[in-house]
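**Student:** please work out how this folds:
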Amino acid sequence: MQWEVVIGLETHVQLQTHSKIFSGASTAFGAAPNTQACVVSIALPGVLPVLNREAVRCAIKFGLAIDAEIAPRSVFARKNYFYPDLPKGYQISQYELPVVGKGRLAIQVGDQEKIINITRAHLEEDAGKSVHEDFHGMSGIDLNRAGTPLLEIVSEPDMRSAAEAVAYAKKLHELVQWIGICDGNMQEGSFRCDVNVSVRRAGSDKLGTRREIKNLNSFRFMQQAIEYETRWQIETLEDGGEIHQATVLFDPDSGETRAMRSKEEANDYRYFPDPDLLPLAISADDIAEVKAALPELPEVMKARFEREYGLSAYDAATITASRAMADYFVATAAKFSGEAKLVANWVMGSVAAKLNEEGRAIADSPVTSAQLAALLTRIHDGTISGKIAKDVFAAMWAGEGEADAIIDRQGLRQVSDAGAIEKIVDEVLAANAVMVAEYKSGKEKAFNGLVGQCMKASKGKANPAQVNEILRKKLG
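**Tutor:** The predicted structure is shown next:
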């Protein structure tokens with residue numbers, strides 16, 4: 001506890017537009033190298049950029065979603081640096097006047113909620129890509145990504161652990177997909193995070209020297225990188241060393257960060273307003289138009305789920321962590337006449353577990369919302385027990401048919417006939433005299449053992465509530 005880690009994130013979100021931010025070239029992923037590099041992308045002399053209106057709408061959507069200030073006037077600037085995959089010698093970005101100003105995002109870490117403040121979000125173009133692995137002693141340049149629209153989202157240094165940073169990144173990742181501005185595909189580079197990490201003595205309000213971990217495209221790698229970098233900085237300072245501001249890379253094979261280059265300051269980029277682009281003007285009508293088309297936001301939906309479905313704050317937050325999961329829950333609950341809590345338990349439990357196990361998205365679930373509702377109805381009406389339902393669900397997941405068909409084919413209908421259950425209970429009591437004596441001497445655990453024996457004797461088909469009731473009566 002002698003040290004405190006301070007973390008801030010810069011997140012590059014690729015906007016879900018069909019064309020690039022300043023030209024009509026395609027943004028589709030996977031094309032052959034340089035086939036989507038138009039005259040604007042490769043900066044031929046005399047070409048002029050034209051702003052993509054849909055990219056601006058995406059930025060406004062994000063600003064509204066985080067309750068941020070949206071600038072009525074913002075300016076594009078040239079960020080000057082030399083790199084082979086940047087044909088113009090500068091990147092068109094925003095600096096002093098970004099389109100989205102201060103906002104906020106609530107995250108959940110365990111049972112604690114925390115507000116992470118967002119400094120700004122600005123529009124910019126992506127650079128190309130240097131390709132090294134296919135060449136011996138040389139590098140290739142693929143300019144397909146050059147000009148792809150990005151929204152760079154910059155947080156305040158409000159996070160104090162790797163867990164908080166990952167929670168923030170995940171929440172942001174889900175939000176940009178929820179509002180439809182990014183596909184969130186981290187493997188394709190649609191969502192990339194740079195993490196600024198520094199440490200300081202506990203209780204100090206002075207920030208330490210930060211090092212920036214570049215281009216993390218995995219939440220697991222982010223966790224590992226921050227934890228390693230934090231340990232490295234603390235050990236360096238405790239050994240009498242100094243931290244130098246630097247850009248570092250994370251090596252997932254070794255689990256270590258390593259310095260790539262010294263970190264630039266803003267003045268090194270010699271920002272100045274781009275003379276080829278007029279200031280971006282956004283009217284109140286523009287904002288109102290985007291707001292009208294915005295979907296119900298996660299926090300609003302969470303509160304509604306608590307109110308309308310009677311879910312706990314935790315359950316509502318878990319289900320609304322993903323728009324697809326929330327839609328699946330709503331569709332299931334609409335077809336089920338029982339308590340929504342049972343639906344929530346199954347969506348967060350068995351459904352989520354199988355999806356995680358197989359690496360599927362909920363949209364690809366083999367068990368549809370209608371099929372799950374039919375299964376839950378059979379629990380609700382007493383046809384099967386919750387335990388048997390898990391076996392039926394596994395069979396449904398494996399493609400063996402609908403719940404009713406599986407129940408009938410496997411003879412799984414619950415025994416609710418009082419006479420049949422009483423007969424099973426009598427046989428169990430006669431065969432377990434020692435357990436009966438233990439219960440009568442005050443050992444409550446023995447009762448659970450007797451219930452287990454009854455369920456075993458009925459092959460799991462006896463109605464558990466009736467077993468409990470009849471057993472209690474028999475035991476006095």
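
**Student:** where does pLDDT dip in the stretch 251-400 of the chain?
**Tutor:** Counting by pLDDT under 70, the stretch 251-400 of the chain contains low-confidence ranges at 263-264, 266.

**Student:** how about a cut-off of 90?
**Tutor:** Low-confidence segments of the stretch 251-400 of the chain, defined by pLDDT under 90: 259-269, 313-314, 317, 321-322, 381-388.

**Student:** my guess is Lys214 contacts Val248. True?
**Tutor:** Yes. In this structure, Lys214 is within contact of Val248 by Cβ atoms under 8 Å, at 7.1 Å. The way it works is simple: take the backbone N, C-alpha and C, and place the C-beta from them, glycine included.

**Student:** compare these two and say which one has the larger neighbour count.
**Tutor:** Val248 (21 against 17; other Cβ atoms under 10 Å).

**Student:** contacts only, for the more buried one.
**Tutor:** 211-214, 229, 257-260 (Cβ atoms under 8 Å, 6 or more residues apart in numbering).

**Student:** nearest to Cys38, of those?
**Tutor:** Using Cβ to Cβ, Lys214 comes nearest to Cys38 of the contacts of Val248, at 27.4 Å.

**Student:** would you map out the domains in the chain?
**Tutor:** Using automatic domain parsing, the domain parsing of the chain gives 3-289, 296-409, 418-475.

**Student:** just want the most central residue of the chain.
**Tutor:** Nearest to the mean C-alpha position of the chain, counting by Cα atoms, centre = their mean, stands Lys170 at 3.8 Å.

**Student:** what number of residues lie near the nearest residue to that one once chain neighbours are set aside?
**Tutor:** Nearest residue to Lys170, sequence neighbours excluded (Cβ to Cβ, 6 or more residues apart in numbering): Phe219, at 6.1 Å. Phe219 has 16 neighbouring residues, counting by other Cβ under 10 Å.

**Student:** repeat that for Ala361.
**Tutor:** With other Cβ under 10 Å as criterion, Ala361 counts 10.

**Student:** hmm, back to that, kindly indicate which of the contacts of Val248 lies nearest Leu372.
**Tutor:** Relative to Leu372, the closest of these is Ile213; by Cβ to Cβ it sits at 40.8 Å.

**Student:** quick check: phi and psi on that closest one?
**Tutor:** phi -90, psi 120 (degrees, to the nearest 10).

**Student:** what sits closest to it if chain neighbours are left out?
**Tutor:** In space, and not counting its chain neighbours, Ile213 is closest to Val195: 4.5 Å by Cβ to Cβ, 6+ apart.

**Student:** Val50 in helix, strand or coil?
**Tutor:** coil (DSSP: H, G, I helix; E, B strand; the rest coil).

**Student:** could you find the closest non-adjacent residue to it?
**Tutor:** Nearest one to Val50, counting by Cβ to Cβ, 6+ apart, is Phe22 at 6.1 Å.

**Student:** for that neighbour, the count of nearby residues, please.
**Tutor:** 24.

**Student:** for it, list the residues it contacts.
**Tutor:** 40, 49-52, 92, 125, 147.

**Student:** same thing but 10 Å
**Tutor:** 38, 40-41, 47-52, 55, 76, 92, 125, 147, 149, 274, 276-277 (Cβ atoms under 10 Å, 6 or more residues apart in numbering).

**Student:** helix/strand/coil for it?
**Tutor:** coil.

**Student:** how close does it sit to Ala324?
**Tutor:** 32 Å (Cβ to Cβ, to the nearest Å).

**Student:** now swap in Ala292 and tell me
**Tutor:** Taken as Cβ to Cβ, the span from Ala292 to Ala324 is 23 Å.

**Student:** so between these two, which is more surrounded?
**Tutor:** Of the pair Ala292 and Ala324, Ala324 is the one with more neighbours under other Cβ under 10 Å, namely 15 against 7.

**Student:** just checking, what packs against the helix or strand hosting that one?
**Tutor:** According to DSSP states H and E, Ala324 maps onto helix 323-334. Packing contacts for helix 323-334, counted by 3 or more Cβ pairs under 10 Å, 6 or more residues apart in numbering; DSSP states H and E, involve helix 162-178, helix 298-309, helix 313-319, helix 340-346, helix 369-380.

**Student:** thank you, goodbye.
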